[in-house]
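Asker: I'll drop the sequence and a predicted model, then ask my questions.
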Amino acid sequence: MFSVIFPGQGSQIVGMGKEFFNKHKIVKKLFRDADEALNFSISKIILEGPKEKLNLTAITQPAIFLISYSIFKVVKEEFNINLHDAKYFAGHSLGEYSALSCAGYLDFKKTIKILRVRGEAMQNSVPEGEGGMLAVLGKKIDDIEKILKDNEKNFKAQVANDNSDGQIVISGGNADLELLSVLLKNSKIKNIRLPVSAPFHCDLMKKATEIMRFELDKIEFKESKNKLISNVTANEIQDVKALKDLLVSQIEKKVRWRESIINMINHGVTHFIEIGPGKVLTGLIKRINQNVKITSINSQSDIESLEI
């Protein structure tokens with residue numbers, strides 16, 4: 001039994017998807033459709049850069065979705081592998097939008113447009129340079145949440161991503177993150193400031209939440225037999241109204257990735273197929289459970305050797 005999973009921000013690289021673009025007409029068409037939907041050439045930025053532009057949140061989010069969706073379509077339509085037989089679809093943060101589109105809840109053009117809006121809203125929610133994210137290594141989430149609670153009078157920060165035991169990401173204002181980083185280092189806890197320009201998945205994203213509530217309310221989602229796993233609850237979801245509400249909540253809530261993977265495994269999943277650029281999720285799942293099969297698909301040869 002397998003699940004299909006989709007990466008989030010941080011997996012982007014200039015030239016991603018180029019092999020699929022060069023080999024498959026269906027991908028060329030999707031790139032053209034994306035340019036048309038967004039009214040600028042996102043395909044040129046993806047294929048040629050510069051990386052500084054690709055790394056802008058408002059570009060990164062639709063770009064990663066475009067690559068994930070393109071690979072999914074190649075697997076399904078060019079190789080006749082039915083990924084809709086998956087037990088679950090799931091994605092990390094923006095990857096949740098890739099999951100819901102590939103699972104049939106939202107069409108391609110609507111998804112890429114809403115991710116452009118989401119990226120801009122998240123970037124503009126906090127003035128540039130006033131917030132960020134810190135990866136804490138080697139500790140479990142309970143340990144980190146205790147540290148945050150014990151020091152809430154000294155600084156304010158929130159868990160943004162519970163990625164795996166040993167990799168927790170914290171969001172907050174710059175001054176608060178500096179205080180937290182010093183405290184962790186003094187306690188011999190390794191932490192690394194991430195190269196992001198905003199504090200995602202925390203209550204500093206309130207402006208983005210309001211924008212996304214308004215924008216998602218205008219979009220009609222389709223019913224689908226495919227089950228999603230929500231970042232917010234780490235549980236399965238199919239109800240369209242509930243799904244919209246969770247996508248709004250997702251902006252400020254932590255990504256419960258570790259729990260999501262454990263939940264899928266507990267419900268019989270033995271094989272995870274990561275579709276999109278990079279192998280970030282593959283690495284995280286290896287930290288969570290070393291007994292499951294993990295396949296990362298971001299090249300033609302990966303598809304040719306895929307067994308499900």
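Answerer: Everything's here; your move.
Asker: what's stretch 69-81 in contact with?
Answerer: 4, 17, 20-21, 24, 26-27, 30-31, 82-84, 98, 101-102, 108, 111, 275-276, 297-298, 303-304, 306, 308 (CB atoms under 8 Å, 6 or more residues apart in numbering). Using the backbone N, CA and C atoms, a C-beta is placed for each residue, glycine as well.
Asker: tell me where the stretch 151-300 of the chain has helices.
Answerer: Under the criterion DSSP state H, counting those that start in this stretch, the stretch 151-300 of the chain contains helices at 174-186, 206-217, 240-249, 257-266, 280-288, 300-304.
Asker: hey, which of these is tucked in deepest?
Answerer: helix 257-266 (a mean of 21; mean count of other CB atoms under 10 Å).
Asker: quick one, it and helix 280-288 angle?
Answerer: 70 degrees (axes from the mean of the first three to the mean of the last three CA atoms, to 10 degrees).
Asker: can I get the helices of the stretch 151-300 of the chain in JSON lines with distance to residue 157 and mean pLDDT?
Answerer: What follows is these, written out as JSON lines (distance: least, CB to CB, whole Å; pLDDT from 0 to 100):
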{"stretch": "helix 174-186", "distance to residue 157": "5", "mean pLDDT": "97"}
{"stretch": "helix 206-217", "distance to residue 157": "16", "mean pLDDT": "97"}
{"stretch": "helix 240-249", "distance to residue 157": "19", "mean pLDDT": "95"}
{"stretch": "helix 257-266", "distance to residue 157": "19", "mean pLDDT": "98"}
{"stretch": "helix 280-288", "distance to residue 157": "21", "mean pLDDT": "97"}
{"stretch": "helix 300-304", "distance to residue 157": "38", "mean pLDDT": "97"}
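Asker: which one of those lies nearest to residue 226?
Answerer: helix 240-249 (11.6 Å; CB to CB).
Asker: name the residues that touch the closest one?
Answerer: Under CB under 8 Å, 6+ apart, the answer for helix 240-249 is 96-97, 100, 105, 209, 212-213, 216-217, 221-223, 228, 230-233, 237.
Asker: same check, this time on stretch 149-168
Answerer: Contacts of stretch 149-168 (CB under 8 Å, 6+ apart): 92-93, 133-141, 144-145, 148, 169-173, 175-177, 179-180, 183, 199-203, 254-259, 284-285, 287-288.
Asker: buried stuff in it?
Answerer: Neighbour counts over stretch 149-168 (16 or more other CB atoms under 10 Å) mark 155, 156, 157, 158, 159, 160, 161, 162, 163, 164, 167, 168 as buried.
Asker: same thing with stretch 4-20?
Answerer: With burial defined by 16+ other CB under 10 Å, the residues of stretch 4-20 counted as buried are 4-12, 14, 16-17, 20.
Asker: which two among those are spaced furthest apart?
Answerer: 4 and 14 (25.3 Å).
Asker: where exactly do the strands run in the chain?
Answerer: Counting by DSSP state E, the chain has strands at residues 2-6, 88-91, 131-137, 157-164, 167-173, 191-193, 228-229, 236-237, 271-275, 293-297.
Asker: tabulate the ones you listed (JSON lines), appending mean pLDDT and distance to residue 52.
Answerer: Output for the strands of the chain, formatted as JSON lines (pLDDT from 0 to 100; distance: least, CB to CB, whole Å):
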{"stretch": "strand 2-6", "mean pLDDT": "98", "distance to residue 52": "24"}
{"stretch": "strand 88-91", "mean pLDDT": "98", "distance to residue 52": "25"}
{"stretch": "strand 131-137", "mean pLDDT": "96", "distance to residue 52": "17"}
{"stretch": "strand 157-164", "mean pLDDT": "98", "distance to residue 52": "23"}
{"stretch": "strand 167-173", "mean pLDDT": "97", "distance to residue 52": "23"}
{"stretch": "strand 191-193", "mean pLDDT": "96", "distance to residue 52": "18"}
{"stretch": "strand 228-229", "mean pLDDT": "98", "distance to residue 52": "33"}
{"stretch": "strand 236-237", "mean pLDDT": "95", "distance to residue 52": "36"}
{"stretch": "strand 271-275", "mean pLDDT": "98", "distance to residue 52": "26"}
{"stretch": "strand 293-297", "mean pLDDT": "98", "distance to residue 52": "26"}
